[in-house]
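Trainee: fold the following and give me the result.
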Amino acid sequence: MKIKLPTIGVVSALFIIAIAFLMRFHERLLMPKSTEVLILGFIVSFLFFAAAIWNESPMDERENILRLNANRIAFLAGCTYCVIGIIQQTSEQNVDIWLIGVLIVMVTGKLISLIISQWRD
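Mentor: Down below sits the predicted model:
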């Protein structure tokens, strides 16, 4: 599977914008509130687009297996990040409900997809 030049360009632009947005929290780059909201909206919409729609048409079985492996690794990385966040916040005795909610939604989504795929076969 060859990575296309527009893909690299779009991902690079997203990282540059995300770094510019994160630098605001370290007081290195000052932005008006409207610019913060605009950048945050762009980042969130692009991440939704990348996760749900972008490059989701495998051409053959090999590409399908590679995408399934990438999705599995992304799921495990997301779950690991949520669990580490929950453990860290539990040690501070201030657990954020969003981390628990995201973890529940991820695991529930995986279980539902497994049940549906077994039901189809």
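Trainee: which parts of the helix or strand hosting residue 47 are buried?
Mentor: Using DSSP states H and E, residue 47 falls within helix 33-52. Neighbour-count burial for helix 33-52, counted by 16 or more other CB atoms under 10 Å, picks out 39, 46. All C-beta atoms are positioned from the backbone trio N, CA, C, and that covers glycine.
Trainee: number of nearby residues for residue 82?
Mentor: 20 (other CB atoms under 10 Å).
Trainee: use 11 as the first number for this chain going forward.
Mentor: All right, first residue 11 from here; so that's residue 92.
Trainee: element containing the closest residue to it other than its chain neighbours?
Mentor: Nearest non-adjacent residue to residue 92, counting by CB to CB, 6 or more residues apart in numbering: residue 113, 4.2 Å away. Per DSSP H and E: residue 113 is located in helix 107-130.
Trainee: and the average pLDDT for that helix is what?
Mentor: The average pLDDT within helix 107-130 is 86.
Trainee: so what secondary structure elements neighbour that helix?
Mentor: helix 71-101 (3 or more CB pairs under 8 Å, 6 or more residues apart in numbering; DSSP states H and E).
Trainee: which other residues reach the helix holding residue 113?
Mentor: The contact list for helix 107-130, computed with CB atoms under 8 Å, 6 or more residues apart in numbering, reads 85, 88, 89, 92, 93, 95, 96, 99.
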